[in-house]
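J.: My questions concern the predicted model and sequence given below.
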Amino acid sequence: MSTDNLHRSRVLGPVFMCLACLGFATLDTLIKYLSTRLPLTEVIWVRYAVQTAAMLLLFAPRMGARILRTANLRLQLLRGGLLLGASLLVINGLSRLPLAETTAVLFLAPLIITVLSVPVLGERVGRMDVAGVLLGFVGMLIIVRPGGGLLTWAVLFPVGTAICNAAYQMVTRFFRGGEHPVTTNLYAGLVGVVVLAPLMPAVWVWPDAWTALMLVLAGLVARLAHYMIIKALECSPAAALGPYGYTQLIWAALLGLAVFGAFPDMLTWVGIAVIAGGGLLVSLYHLLSSRRKG
């Protein structure tokens with residue numbers, strides 16, 4: 001790769017990452033809106049169905065049966081189950097809590113990965129990793145404010161989502177590039193479609209035209225956001241992209257204000273900044289460490 005192309009690639013990586021974060025914030029906004037109009041299980045099932053259909057339409061003609069071929073079926077099913085659990089938990093959280101605050105708690109996932117990486121992956125954790133985890137926990141306490149209005153049982157939903165997301169990402173690491181990314185993304189949606197399908201006759205409510213459009217849009221936005229993540233990782237190392245992931249907090253706050261008229265207060269922004277600071281500390285520490293080794 002020429003110097004110009006390498007520079008362009010490094011610039012495009014953060015751009016794709018920021019676009020992915022906008023996509024995920026938009027998806028959460030759509031899900032929060034749809035949760036007021038349809039059963040939560042139906043919203044999740046339609047999102048997965050649209051996402052899976054889009055994957056099949058785009059890639060099945062070229063890949064054929066290879067699109068389902070995997071050497072790690074159990075891991076694929078486990079990964080899809082964890083993603084489904086995260087989806088069910090987050091939609092329950094979004095239906096009960098403000099968008100920006102819920103999104104901030106979700107960003108505990110990278111810090112949870114740091115904690116679990118020692119017993120599960122056998123990785124070493126440095127002082128900066130520990131400091132980042134502690135900052136993230138303090139930030140969460142500031143947001144939920146023990147004794148304040150946000151500390152309700154509903155906060156367990158985004159916390160549970162963060163745990164599922166962390167486990168989902170750790171399972172993904174076990175693939176180590178051995179699986180085709182299209183196959184992996186297809187299984188992630190297919191598991192949700194198959195598991196929730198038996199529940200649909202009992203909960204299904206026919207949406208009106210506008211709601212149906214929003215449902216389809218949620219599925220397409222989810223597919224596009226995941227595609228942007230893939231493109232970002234093709235252009236830049238994961239450690240270098242970590243800090244840009246926190247732009248989702250800004251998008252969530254702006255969309256929460258625009259759509260729901262809710263904007264975080266100053267103390268909540270302090271908690272968001274502390275969680276982001278903990279994550280940034282870990283990301284930058286590993287980025288600088290990798291550069292020194294390189």
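T.: In hand now; what should we look at?
J.: so where's the stretch 1-150 of the chain shaky on pLDDT?
T.: Within the stretch 1-150 of the chain, the segments meeting pLDDT under 70 span 1-10, 118-123, 125, 146-150.
J.: And stretch 73-91, what's buried?
T.: 75-91 (16 or more other Cβ atoms under 10 Å). For every residue, glycine as well, the C-beta is placed using N, CA and C.
J.: Now, these that are in strands?
T.: Per DSSP state E, strands hold no members of the buried residues of stretch 73-91.
J.: Who are the packing partners of the longest helix seen in the chain?
T.: Longest helix in the chain, counting residues (DSSP state H): helix 3-34. Here helix 3-34 touches helix 40-63, helix 73-94, helix 99-106, helix 209-235, helix 238-241, helix 247-260, going by 3 or more Cβ pairs under 8 Å, 6 or more residues apart in numbering; DSSP states H and E.
J.: make it 6 Å
T.: With contacts defined as 3 or more Cβ pairs under 6 Å, 6 or more residues apart in numbering; DSSP states H and E, the packing partners of helix 3-34 are helix 73-94, helix 209-235, helix 247-260.
J.: now the angle between helix 73-94 and the second one, please.
T.: Counting by axes from the mean of the first three to the mean of the last three Cα atoms, to 10 degrees, helix 209-235 points 130 degrees away from the direction of helix 73-94.
J.: next one: the shortest one
T.: With the same axes, to 10 degrees as the criterion, the two stretches helix 247-260 and helix 73-94 enclose an angle of 40 degrees.
J.: how about the residue nearest to Cys21 when sequence neighbours are not counted, what does it touch?
T.: Sequence neighbours aside, Gln248 is the residue nearest to Cys21 in space, at 3.8 Å (criterion: Cβ to Cβ, 6 or more residues apart in numbering). Under the criterion of Cβ atoms under 6 Å, 6 or more residues apart in numbering, the neighbours of Gln248 are 21, 24-25.
J.: what would those look like in TSV with distance to Phe157 and neighbour count?
T.: Shown next, in TSV, are the contacts of Gln248 (distance: Cβ to Cβ, whole Å; neighbours: other Cβ atoms under 10 Å):
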residue	distance to Phe157	neighbour count
Cys21	21	24
Phe24	17	22
Ala25	17	25
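J.: Just give me the closest of these to Gly132.
T.: Relative to Gly132, the closest of the contacts of Gln248 is Cys21; by Cβ to Cβ it sits at 19.4 Å.
J.: Tell me who's in contact with the closest one.
T.: Contact analysis of Cys21 by Cβ under 6 Å, 6+ apart lists 247-248, 251.
J.: mind running it again at 7 Å?
T.: 245, 247-248, 251 (Cβ atoms under 7 Å, 6 or more residues apart in numbering).
J.: Closest to Lys32 out of these?
T.: Trp251 (13.4 Å).
J.: Counting neighbours, what do you get for the closest one?
T.: Burial measure for Trp251: 21 neighbouring residues, criterion other Cβ atoms under 10 Å.
J.: okay, it: pLDDT?
T.: For Trp251, the pLDDT comes out at 89.
J.: Quick check, it in contact with Leu22.
T.: Yes - between Trp251 and Leu22 a contact is recorded at 5.1 Å, counting by Cβ atoms under 7 Å.
J.: quick one: whichever strand or helix holds Tyr285 to helix 247-260, angle?
T.: Assigned by DSSP states H and E, Tyr285 falls within helix 266-293. Relative orientation of helix 266-293 versus helix 247-260 (the same axes, to 10 degrees): 150 degrees.
J.: So what touches stretch 260-267?
T.: 98-101, 142, 253, 256-257, 272.
J.: now those in a markdown table, with distance to Ile229 and neighbour count?
T.: Output for the contacts of stretch 260-267, formatted as a markdown table (distance: Cβ to Cβ, whole Å; neighbours: other Cβ under 10 Å):
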| residue | distance to Ile229 | neighbour count |
| --- | --- | --- |
| Pro98 | 25 | 20 |
| Leu99 | 20 | 27 |
| Ala100 | 21 | 27 |
| Glu101 | 24 | 25 |
| Ile142 | 29 | 20 |
| Ala253 | 21 | 23 |
| Gly256 | 22 | 23 |
| Leu257 | 25 | 14 |
| Ile272 | 22 | 25 |
